[in-house]
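Asker: Fold the following.
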Amino acid sequence: MNQPRLIILCTGNSCRSQMAEGFLRELADDLFDVQSAGMNPATEVHPLAVKVMLEVGIDISGNTCKHINTFFDELIDIVLTVCDHADQSCPVLLASTKRHHFSFPDPAAAEGTEDEKLVVFRAIRDDISRVFLAYVAGRRDAL
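Answerer: The predicted structure follows:
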């Protein structure tokens, strides 16, 4: 049986969606075909997102930033938006596509020293982890 295709959508696909993809691949690789994408993707995954994910044992250094259009030729079963802009700008999808929104601040907007930015990245990483742990638990319960 094919796994449902789950796309995590953000504006730039460099931080929040990449961290969420890392957690969902770690937690639910058996449940979903997980990908992330952006409405206006960056050129690379943010180095601080890579760093804070490595701190929890998840390597997203090989991930790439992709445009949501990359997936339009494929069936998308579930779209999870992780920023308000992506939620408001999400393209029209098939009626059968389930859509859920989770709002997380953009860690790339953090200012200050690298240590100060890392505090923000870690806090958002931990929020993403909590939300998607609950999401996966709910999905497993439903099955």
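
Asker: longest single helix anywhere in the chain?
Answerer: Secondary structure of the chain per DSSP state H: the longest helix is helix 114-142.

Asker: In that one, which residues are buried?
Answerer: Using 16 or more other CB atoms under 10 Å as the burial criterion, the residues of helix 114-142 that qualify are 117-118, 120-122, 124-125, 127-129, 131-132, 135-136, 139. C-beta here means a position set from N, CA and C on the backbone, and glycine is covered the same way.

Asker: Pull the contacting residues for the most centrally placed residue in the chain.
Answerer: Central residue of the chain (CA atoms, centre = their mean): residue 17, 2.3 Å from the mean position. If you count contacts by CB atoms under 8 Å, 6 or more residues apart in numbering, residue 17 has them with 8, 9, 10, 36, 37, 38, 82, 83.

Asker: three-state assignment of residue 79?
Answerer: Judged by DSSP: H, G, I helix; E, B strand; the rest coil, the three-state class of residue 79 is strand.

Asker: looking at this protein, which residue lies furthest from center?
Answerer: Outermost in the chain, CA atoms, centre = their mean: residue 113 at 25.0 Å.

Asker: what about it, distance to residue 51?
Answerer: As judged by CB to CB, to the nearest Å, residue 113 and residue 51 stand 14 Å apart.

Asker: again with residue 132
Answerer: On the measure of CB to CB, residue 132 and residue 51 end up 19 Å apart.

Asker: Could you pick out which of the contacts of residue 17 are located in strands?
Answerer: 8, 9, 10, 36, 37, 38 (DSSP state E).

Asker: Rank the helices and strands of this structure by mean pLDDT and give me the bottom one.
Answerer: Lowest on mean pLDDT, DSSP states H and E among the helices and strands of the chain sits helix 84-89, with a mean of 80.

Asker: Show me what that one packs onto, helices and strands only.
Answerer: Counting contacts by 3 or more CB pairs under 8 Å, 6 or more residues apart in numbering; DSSP states H and E, helix 84-89 packs against no other helix or strand.

Asker: could I get that helix in PDB with only the CA atoms?
Answerer: C-alpha atoms of helix 84-89 as PDB (Å, rounded to 0.1, in the frame of the first residue of the first chain):
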ATOM      1  CA  ASP A  84       0.700  32.100   8.300                       C
ATOM      2  CA  HIS A  85       1.800  33.400   4.900                       C
ATOM      3  CA  ALA A  86       1.800  29.900   3.500                       C
ATOM      4  CA  ASP A  87      -1.600  29.200   5.000                       C
ATOM      5  CA  GLN A  88      -3.000  32.300   3.400                       C
ATOM      6  CA  SER A  89      -1.300  31.800   0.100                       C
END
